[in-house]
Structures are given as structure tokens and as C-alpha cells.
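what follows is a predicted structure for the sequence shown.
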Amino acid sequence: MPLQPADLTPAPAADRLRSLIPRLFPGVMACAVVAAAAGFLGEHYGAPTLLFALLLGLAMNFLSEQGPCGPGIAFCGRTLLRIGVALLGLRITLAQVAALGWGPVLLVLLCVALTIALSMLAARRLGFQGLFGLLTGGATAICGASAALALSAALPAHPQKERATLFTVIGVSALSTFAMVAYPMLTQTLGLSPRAAGIFLGATIHDVAQVVGAGYGISPEAGDAATLVKLLRVAMLLPVILLAATLTRRAAALSSN
């Protein structure tokens with residue numbers, strides 16, 4: 001059967017892809033140059049590759065604000081980064097989970113519960129609502145800015161809600177970036193084994209990407225352990241959101257009575 005002209009028309013998805021590649025290419029190449037340069041410097045000067053990547057990224061930050069590199073850098077910082085983290089998660093096997101043992105699981109449960117409880121208590125002592133403590137504590141205990149935005153959506157409307165969410169996102173992002181650089185050095189100073197260092201990093205650093213960068217900056221074993229522990233923390237997001245929804249309904253019921 002002969003092909004009709006409509007059969008020869010490129011698919012819309014293919015057209016979008018062809019138009020997208022030229023827009024993304026400059027920024028993607030800029031990120032690739034930073035990654036290659038950071039890897040080279042890390043291998044030849046004995047400092048963490050992640051530290052060099054951070055410094056080079058700060059020096060080249062102006063490229064993301066103006067010029068043709070902006071779309072590609074945004075793509076690498078969001079979509080490509082998430083794909084990379086997901087692929088690292090797929091590397092985790094049941095054998096690795098079993099080898100890690102129940103200790104890290106109990107550690108995560110205890111740390112998340114204590115962090116949220118103490119944050120809510122501290123918020124009330126400082127004159128804020130307990131739900132603000134839940135927001136900040138959940139972001140700190142689970143997965144940083146992502147948890148803050150998810151919890152904010154589950155909390156009731158409030159005149160200061162957007163300001164509190166913005167404060168939390170900025171705070172956890174800044175602290176997570178600092179921890180990503182400082183904590184690997186701390187684990188080496190303390191002489192922790194790769195497994196112990198990975199558990200420490202995965203249980204303390206806020207955002208997933210920073211945990212991955214810090215862990216694999218030490219060794220593959222530390223990176224695997226850090227990623228696994230961090231994924232256990234991320235799994236706590238749903239129960240905490242359910243807790244936030246329950247507290248919100250209870251507060252609404254009390255105010256109506």
C-alpha cells in the first residue's frame with residue numbers, strides 16, 4: 001500500500017525534540033565543561049570533586065541568568081539531575097538493603113520523629129504555630145525543599161504561609177549546600193568507614209541530590225549507603241503529609257466549635 005503524504009509528516013514530538021535540542025545544547029555543554037573540569041581538578045589536587053564543581057558553578061552562574069545557556073542549564077539542574085538520582089536509586093539491590101540491616105531503618109524513623117516533634121515544640125515556644133514547626137521540621141527531616149513544598153500544600157491557608165514556606169526552602173537549601181561540602185570532610189576527620197560515612201550523610205543532609213553528591217564524592221560504597229538511607233527518609237514523606245492533613249482537620253474542627 002503506497003504511503004500517503006500524511007504518513008510522511010514528522011510526528012509532533014519529533015518536531016519538538018528537534019527544536020529543543022538547539023536551545024538546550026549550549027547550556028548542556030557548559031554543564032559538561034564544569035563537570036569535566038571539576039573531575040580533573042579533583043583527581044589532580046586531592047580535594048573533593050564536588051567542592052570544585054560548586055566553586056566552578058558559582059563562577060559560571062551568570063550563564064544561567066542571561067544568554068543562550070539558560071535553558072540548557074535549567075534542564076541539567078532539574079530534569080537531568082532527577083533522572084540521574086532515579087538511575088542511582090535503581091542501582092540499589094535487595095542484597096544491599098539486607099546488608100545495611102535494620103539499624104539505619106530504626107535510625108531514620110527515630111530521627112524523623114524527633115526532628116518533627118522538637119521543631120513543633122520549638123515553634124510553639126517561640127510564639128509560632130505548631131504547624132510551622134511541622135513544615136520546617138518535615139523539610140529538615142525528610143528531603144529539604146521538596147518536602148517543604150509538599151507539606152505546604154497540605155497545610156491550611158494562612159496569611160504567612162507563603163512567607164514561611166519561602167523561609168523554609170531557602171534555609172534548608174543553604175544548609176544542605178553547606179553540609180554537602182563540609183560533612184564529607186568531617187567523616188574523613190572522624191575516620192569513619194565508607195559504610196558509616198554513607199549512613200551519616202544519608203541521615204543528615206537535607207536534599208537528595210546533595211546526599212548523592214557527597215556520598216559518591218567519598219566512594220561508591222559510601223554513595224550507595226547514603227542513597228539508600230536517604231531514600232528511606234524520602235519514604236517518610238507520605239506519613240508526614242497524612243499527619244499534617246490530620247492535624248489540619250483537627251484544628252479546623254476545634255476552631256469551628
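Yep, that arrived.

okay, helices next: where are they in the chain?
12-45, 49-59, 62-65, 70-75, 81-90, 94-100, 103-125, 130-141, 145-154, 161-190, 194-204, 208-218, 220-234, 237-256 (DSSP state H).

turn those helices into a markdown table, columns for mean pLDDT and mean neighbour count.
Placement of C-beta: from N, CA and C, glycine included. Converted to a markdown table, the helices of the chain look like this (pLDDT from 0 to 100; neighbours: other C-beta atoms under 10 Å):
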| stretch | mean pLDDT | mean neighbour count |
| --- | --- | --- |
| helix 12-45 | 83 | 14 |
| helix 49-59 | 79 | 17 |
| helix 62-65 | 83 | 14 |
| helix 70-75 | 88 | 18 |
| helix 81-90 | 67 | 13 |
| helix 94-100 | 69 | 12 |
| helix 103-125 | 89 | 16 |
| helix 130-141 | 86 | 25 |
| helix 145-154 | 80 | 20 |
| helix 161-190 | 87 | 16 |
| helix 194-204 | 92 | 23 |
| helix 208-218 | 86 | 25 |
| helix 220-234 | 88 | 23 |
| helix 237-256 | 77 | 13 |
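
I'd say Met29 and Phe75 touch.
No. Judged on C-beta atoms under 8 Å, Met29 makes no contact with Phe75 at a distance of 11.7 Å.

which residues do the two both contact?
Overlap of the contact sets of Met29 and Phe75 (by C-beta atoms under 8 Å, 6 or more residues apart in numbering) is empty.

tell me how far the ends of stretch 202-210 are from each other?
9 Å (C-alpha to C-alpha, to the nearest Å).

which residues does it contact?
81, 85, 104, 107-108, 111, 139-140, 143-146, 172-173, 175-177, 179-180, 183, 211, 214-215, 225-234.

and stretch 169-183, how far out from the chain middle?
10 Å (C-alpha atoms, centre = their mean, to the nearest Å).

contacts for it, please.
If you take C-beta under 8 Å, 6+ apart as the criterion, stretch 169-183 is touched by 48, 50-51, 54, 136, 139-140, 144-145, 148-149, 200-201, 204-207, 210-211, 213-214.

can you rerun that using 6 Å?
Stretch 169-183 is contacted from outside by 51, 139, 144-145, 148, 201, 205-207, 210, 213-214, using C-beta atoms under 6 Å, 6 or more residues apart in numbering.

most widely separated two among those residues?
Within the contacts of stretch 169-183, Leu51 and Ala148 form the most distant pair, 25.8 Å apart (C-beta to C-beta).

is it true that Val211 touches Lys230?
Yes. Counting by C-beta atoms under 6 Å, Val211 does reach Lys230; the two are 4.3 Å apart.
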